[in-house]
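Enquirer: Turn this into a model:
(4 chains)
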Amino acid sequence: MKILYFASLKAKTGIGSEDVTPPASVGTVADLIDWLKGQGPGHADAFADLRLLRAAVNQEHAGFDAAIKEGDEIAFFPPVTGG
Amino acid sequence: MKILYFASLKAKTGIGSEDVTPPASVGTVADLIDWLKGQGPGHADAFADLRLLRAAVNQEHAGFDAAIKEGDEIAFFPPVTGG
Amino acid sequence: MAVRVQEEDFDVGLEFARFTEGRVDLGGVALFVGLVRGDGQTVSAMTLEHYPGMTERQLEAIEAEARARWKLDDALIVHRVGRMKPGDRIVLVMTGSAHRKDSLEACQFLIDWLKTKAPFWKFEEGQGGGKWVDAKESDDEAAKRWGG
Amino acid sequence: MAVRVQEEDFDVGLEFARFTEGRVDLGGVALFVGLVRGDGQTVSAMTLEHYPGMTERQLEAIEAEARARWKLDDALIVHRVGRMKPGDRIVLVMTGSAHRKDSLEACQFLIDWLKTKAPFWKFEEGQGGGKWVDAKESDDEAAKRWGG
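Expert: Predicted coordinates:
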């Protein structure tokens, strides 16, 4: 599963992308967030305030209840701020 | 009093402008129209359908009840058709 | 703020460059360019007549009205008169503001107003000769949106 | 119909010339150009980051939505990414239609949508260092007008 981070999320995690293999119990974006939070202090910081977190699954905006599976591209970012 | 004609009004009267001296009883645009109607067949044709007639007094849109006086510039034209 | 009525064509890129040159206060610039539409058969050319003097007064009044309604940092109206062919540029409206909403709404207001209030008359030439174009009700409706 | 995301600047005059060249079906072309605003003190530069791949998909979806809602003969979106200074051009939206109303409304729709839905994030540099800009509620309100 490929995870992408943009803008302040990238700054907080310290990485632009990572390949992860979460446990089989991770079936939604919300599950993934819970699991990623435990991956280090940067990740904990990035996912501390979910009100300012947005997600996309395979390049489409997605809610936290969206289902995810192996091979998906999941992106996390703050609300967009346009040009 | 200077009278100007534009677009189809110019085509009907056959002139772009004329200097006229109507009688003292002509005090409004409507009076002027009535008087101009009698100035020839082109003028009669130009003022035959008042629904499609618009007027300006001294370069400002004006109703037919607008007062006019010696020295004024009165223009007649159809509804504007923009660019 | 400027208003021009001219026979010559205008250059959109040049007008935009002049409008924005050296400025850092504009967040958005909205432009509208009106063109002569025609299929080459029914309309081969058109001529715009105007009322010199009144046209400029009207355009300046319209521009002042837009400045009163929206926060505009700058505005430009260039309107051509004379004979034009399909594809030719007729009118340019450009508005600049700190915020995009003001520039866009003011631009729409100005072109709606121009089309319905400014003393321009259109003569169209086609296969069957030429005729003065009648006013369209839809244009009046557009201007009424703004309480005009 | 075209969508471009690029680091290079764009030329408004050139884009307009290409857009309208040889056409006689366009009665109106509406343009919006977004610029970097700054007083030279609080914001010295900004950097736009985007989500490559998703950006293009989103822009194409937005453009298709505009084509479905209005009678558009053509549309163009050019959006820059990377580091820009006050006064620089950021985004160009251009819409062409037989009628001015369609071109103007579609242009406004596209830029509202772009500002609120497209995956762009703005990093501003100023005297006190740099920071990622927070989303503004007013932008969401503008997009809601269109039921977005």
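Enquirer: CA atoms for contacts and neighbours, from now on please.
Expert: OK.
Enquirer: all strands in the chain, in order from the N-terminus.
Expert: You didn't say which chain, so I picked chain A. Here chain A has its strands, by DSSP state E, at A:2-5, A:17-19, A:54-57, A:60-62, A:73-77.
Enquirer: ah, I was thinking of chain C
Expert: So, for chain C - with DSSP E - the strands run C:2-6, C:28-35, C:45-50, C:74-80, C:82-84, C:89-97, C:120-126, C:129-132.
Enquirer: will you turn those strands into JSON lines that also has mean pLDDT, mean neighbour count and distance to chain A?
Expert: Output for those, formatted as JSON lines (pLDDT from 0 to 100; neighbours: other C-alpha atoms under 10 Å in any protein chain shown; distance: least, C-alpha to the nearest C-alpha, whole Å):
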{"stretch": "strand C:2-6", "mean pLDDT": "94", "mean neighbour count": "15", "distance to chain A": "28"}
{"stretch": "strand C:28-35", "mean pLDDT": "97", "mean neighbour count": "27", "distance to chain A": "11"}
{"stretch": "strand C:45-50", "mean pLDDT": "94", "mean neighbour count": "22", "distance to chain A": "39"}
{"stretch": "strand C:74-80", "mean pLDDT": "96", "mean neighbour count": "23", "distance to chain A": "21"}
{"stretch": "strand C:82-84", "mean pLDDT": "96", "mean neighbour count": "17", "distance to chain A": "38"}
{"stretch": "strand C:89-97", "mean pLDDT": "97", "mean neighbour count": "26", "distance to chain A": "15"}
{"stretch": "strand C:120-126", "mean pLDDT": "91", "mean neighbour count": "22", "distance to chain A": "38"}
{"stretch": "strand C:129-132", "mean pLDDT": "89", "mean neighbour count": "14", "distance to chain A": "45"}
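Enquirer: between the strands of chain A, which one is nearest to C:Leu48?
Expert: Taking C-alpha to C-alpha, strand A:60-62 is the member of the strands of chain A nearest to C:Leu48, at 49.8 Å.
Enquirer: How about that closest one, which residues are buried there?
Expert: For strand A:60-62, the neighbour count (16 or more other C-alpha atoms under 10 Å in any protein chain shown) marks A:His61, A:Ala62 as buried.
Enquirer: Which residues does that strand contact?
Expert: Contact partners of strand A:60-62, identified using C-alpha atoms under 8 Å, 6 or more residues apart in numbering or on different chains, comprise A:Arg54, A:Ala55, A:Ala56, D:Met54.
Enquirer: That one: partners in the sheet, and parallel or antiparallel?
Expert: Under the criterion DSSP bridges, strand A:60-62 sits next to strand A:54-57 (antiparallel) in its sheet.
Enquirer: what does the strand it pairs with contact?
Expert: With C-alpha under 8 Å, 6+ apart as the test, strand A:54-57 has contacts from A:29, A:61-64, A:66, A:68, A:72-79.
Enquirer: Name whatever forms a beta bridge with the residue nearest the centre of chain C.
Expert: Of all residues in chain C, the one closest to the mean position by C-alpha atoms, centre = their mean is C:Val91, 4.1 Å from it. Beta-bridge partners for C:Val91, by DSSP bridges, are C:Gly34, C:His79.
Enquirer: Show the contacting residues for it.
Expert: Applying C-alpha under 8 Å, 6+ apart to C:Val91 gives the contacts B:Gly83, C:Phe32, C:Val33, C:Gly34, C:Leu35, C:Ile77, C:Val78, C:His79, C:Arg80.
Enquirer: one more time with 6 Å
Expert: Applying C-alpha atoms under 6 Å, 6 or more residues apart in numbering or on different chains, we find C:Val91 in contact with C:Val33, C:Gly34, C:Val78, C:His79.
Enquirer: The first one reaches C:Leu92, doesn't it?
Expert: Yes - C:Val33 lies in contact with C:Leu92 (C-alpha atoms under 6 Å); the separation is 4.7 Å.
Enquirer: Find the closest residue to chain D in chain A.
Expert: In chain A, the residue that lies nearest chain D is A:Gly82 (4.1 Å; C-alpha to the nearest C-alpha).
Enquirer: Now do that residue, the pLDDT please.
Expert: Each residue has a pLDDT score; the one for A:Gly82 is 74.
Enquirer: and C:Ala68, how many residues sit next to it?
Expert: When counting by other C-alpha atoms under 10 Å in any protein chain shown, one arrives at 10 neighbours for C:Ala68.
Enquirer: how close does it get to B:Leu50?
Expert: Look at C:Ala68 and B:Leu50: by C-alpha to C-alpha, to the nearest Å, they are 34 Å apart.
Enquirer: need the residues of chain C near chain D, please.
Expert: Counting by C-alpha under 6 Å from any C-alpha of the partner chain, the positions of chain C adjacent to chain D are C:12-13, C:23-35, C:37-38, C:86-87.
Enquirer: Close to chain D: what parts of chain A are there?
Expert: Residues of chain A found near chain D (C-alpha under 6 Å from any C-alpha) are A:Gln59, A:Pro79, A:Val80, A:Thr81, A:Gly82.
Enquirer: try 10 Å
Expert: Residues of chain A found near chain D (C-alpha under 10 Å from any C-alpha of the partner chain) are A:4-9, A:11, A:52, A:56, A:58-61, A:75, A:77-83.
Enquirer: filter those residues to the buried ones?
Expert: Using 16+ other C-alpha under 10 Å, the buried members of these are A:4-9, A:56, A:58-59, A:61, A:75, A:77-83.
Enquirer: ok, now which ones touch A:Gly14?
Expert: Contact analysis of A:Gly14 by C-alpha atoms under 10 Å, 6 or more residues apart in numbering or on different chains lists A:Tyr5, A:Ser8, A:Gly42, A:His43, A:Ala46.
Enquirer: ok, the residues you listed vs C:Asp73, which is closest?
Expert: Using C-alpha to C-alpha, those come closest to C:Asp73 at A:Ser8, 33.0 Å.
Enquirer: Could you report the pLDDT at the closest one?
Expert: 94.
Enquirer: cool, C:Thr42 as well?
Expert: At C:Thr42, pLDDT is 72.
Enquirer: Which stretches in chain A count as helices?
Expert: A:8-13, A:29-37, A:41-46 (DSSP state H).
Enquirer: show me what contacts C:Lys136?
Expert: Taking C-alpha under 10 Å, 6+ apart, one finds B:Pro79, B:Val80, B:Thr81, B:Gly82, C:Lys115, C:Thr116 in contact with C:Lys136.
Enquirer: ok, back up a step: dump the contacts of strand A:60-62 to CSV, plus pLDDT and distance to D:Ile62.
Expert: Formatted as CSV, the contacts of strand A:60-62 follow (pLDDT from 0 to 100; distance: C-alpha to C-alpha, whole Å):
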residue, pLDDT, distance to D:Ile62
A:Arg54, 96, 19
A:Ala55, 97, 19
A:Ala56, 97, 17
D:Met54, 94, 12
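Enquirer: List the residues that contact the residue of chain C at minimum distance from chain D.
Expert: Scanning chain C for proximity to chain D using C-alpha to the nearest C-alpha identifies C:Gly13 as nearest, at 3.3 Å. Residues in contact with C:Gly13 (C-alpha under 10 Å, 6+ apart) are C:Phe19, D:Asp11, D:Val12, D:Gly13, D:Leu14, D:Glu15, D:Phe16, D:Ala17.
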